[in-house]
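Chemist: The following comprises the amino acid sequence and a computationally predicted model.
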Amino acid sequence: MLSRRAPHRGIIGCSFQTRPALVSAAVIFDRGSQTPSVTWLDALTDDAVLEMIERYGQAYAMRRSEDVAERRQWPEVLASITRQLWDLVMGPLLSSVPADRIVLIPSGILALLPLHAAWHDDTSAVTGRHYAIDDALITFAPSAQALRHTFAGTESAEPTMLAFYDPDPGLPNTRREVHDAVSWFSHGRELSRHEATLDTLCAELARYSVIHFSCHGSADLTDPLHSGLAAASDGTLTLARVLGQRLPHVRLASCLHARPRW
């Protein structure tokens, strides 16, 4: 599912429907209208999505192989899949409903694919590619219900940020990233993973409107509630624990939101 905020059209939502033998479509809901519209996605079938997922998973598993040829498959396959995603999904959607902000809510295994990185050839671009994120600010939400809850309450207070960083040598720029992020807010706090336990971390979450994590994380595809972030000194902040906090109107920012355990 996808929702969009356009400058003059308000919140727009699109629900993806995929079938092996039937035509797929995105049903578009405009917040300012009672009548939905439809964008047909003729080539977006279950078979097409499964084929991309299989290639994506195989290449991802080989990205750290000792074999140089196998390691090279990851960026090559990623480029191929994101190019395909433009033709199957993002290209038709961006053409049918122009907007400057998009919130993607893909369902099922479609959610494993990097829709925001879809691209097509563009000789005028420095990279030779025009990406979906060149057309709009693209973010993700877990469900339509969660997105509706977010828009139901508008924050009146000045936004505040709590930012966590991991001083792991393998993540050399996390402290700088967190410092820069906090500088955009009138009130913010920076915490190192070594300074926070799970209990103190959870106690702090409800006190801020924006939470930023700059650390390692993982997505457990067999047990999604055990997916989490290495943001505390004594364990992983799991999705189950975050959901248990019942946090109101919190925005989570991340660069890599799914490092799957295939």
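Modeler: Structure's in. What do you need?
Chemist: From the centre of the chain, point out the most distant residue.
Modeler: Centroid-distance maximum for the chain: residue 67 at 30.3 Å, with C-alpha atoms, centre = their mean.
Chemist: Check that residue and give its pLDDT.
Modeler: Looking at residue 67, its pLDDT is 91.
Chemist: where does this structure dip in pLDDT?
Modeler: For the chain, the stretches flagged by pLDDT under 70 are 1-34, 36-37, 150-157, 248-262.
Chemist: hey, which helix is longest across this protein?
Modeler: Ranked by residue count, the top helix of the chain under DSSP state H comes out as helix 68-85.
Chemist: From the contact counts, what lies against that one?
Modeler: If you count contacts as 3 or more C-beta pairs under 8 Å, 6 or more residues apart in numbering; DSSP states H and E, helix 68-85 packs onto helix 46-61, strand 119-121. Glycine gets a C-beta too; all of them are placed from N, C-alpha and C.
Chemist: Same question for the first one: list its buried residues.
Modeler: When you say that, I think you mean helix 46-61. 46, 48, 49, 52, 53, 55, 56, 59, 60 (16 or more other C-beta atoms under 10 Å).
Chemist: And that helix, what does it pack against?
Modeler: Under the contact criterion of 3+ C-beta pairs under 8 Å, 6+ apart, helix 46-61 touches helix 68-85.
Chemist: now the helix it packs on: how far from the chain's centre is it?
Modeler: 19 Å (C-alpha atoms, centre = their mean, to the nearest Å).
Chemist: what angle sits between that helix and helix 46-61?
Modeler: 150 degrees (axes from the mean of the first three to the mean of the last three C-alpha atoms, to 10 degrees).
Chemist: which outside residues touch helix 68-85?
Modeler: Contacting residues not belonging to helix 68-85 are listed as 48, 52, 55-56, 58-60, 62-65, 113-115, 117-120 [C-beta atoms under 8 Å, 6 or more residues apart in numbering].
Chemist: what's the answer for stretch 126-137, then?
Modeler: 4, 86, 90, 94, 98-102, 115-122, 125, 138.
Chemist: Just the CA trace of that stretch, in PDB.
Modeler: Only the C-alpha atoms of stretch 126-137 are listed here, as PDB (Å, rounded to 0.1, in the frame of the first residue of the first chain):
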ATOM      1  CA  VAL A 126      25.400  12.700 -13.300                       C
ATOM      2  CA  THR A 127      24.900   9.100 -12.400                       C
ATOM      3  CA  GLY A 128      23.100   8.300 -15.600                       C
ATOM      4  CA  ARG A 129      20.000   7.300 -13.600                       C
ATOM      5  CA  HIS A 130      16.800   9.000 -12.400                       C
ATOM      6  CA  TYR A 131      15.600   7.600  -9.100                       C
ATOM      7  CA  ALA A 132      12.200   7.600  -7.600                       C
ATOM      8  CA  ILE A 133      13.600   9.500  -4.700                       C
ATOM      9  CA  ASP A 134      14.600  12.300  -7.100                       C
ATOM     10  CA  ASP A 135      10.900  12.900  -7.700                       C
ATOM     11  CA  ALA A 136       9.600  12.800  -4.100                       C
ATOM     12  CA  LEU A 137      10.500  12.400  -0.400                       C
END
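Chemist: Any buried residues in it, and which?
Modeler: 129, 130, 131, 132, 136.
Chemist: and if you look at stretch 158-172?
Modeler: By neighbour count on 16+ other C-beta under 10 Å, the buried set for stretch 158-172 is 160, 161, 162, 163, 164, 165, 166, 171.
Chemist: cool, stretch 214-223 as well?
Modeler: Those would be 214, 215, 216, 217, 219, for stretch 214-223 by 16+ other C-beta under 10 Å.
Chemist: Dump those residues into a markdown table; add distance to residue 176 and secondary structure as well.
Modeler: A markdown table is the format used below for the buried residues of stretch 214-223 (distance: C-beta to C-beta, whole Å; DSSP: H, G, I helix; E, B strand; the rest coil):
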| residue | distance to residue 176 | secondary structure |
| --- | --- | --- |
| 214 | 9 | strand |
| 215 | 14 | coil |
| 216 | 17 | coil |
| 217 | 19 | strand |
| 219 | 26 | strand |
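Chemist: got JSON lines for the residues you listed, with distance to residue 39 too?
Modeler: Formatted as JSON lines, those follow (distance: C-beta to C-beta, whole Å):
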{"residue": "214", "distance to residue 39": "36"}
{"residue": "215", "distance to residue 39": "37"}
{"residue": "216", "distance to residue 39": "37"}
{"residue": "217", "distance to residue 39": "33"}
{"residue": "219", "distance to residue 39": "28"}
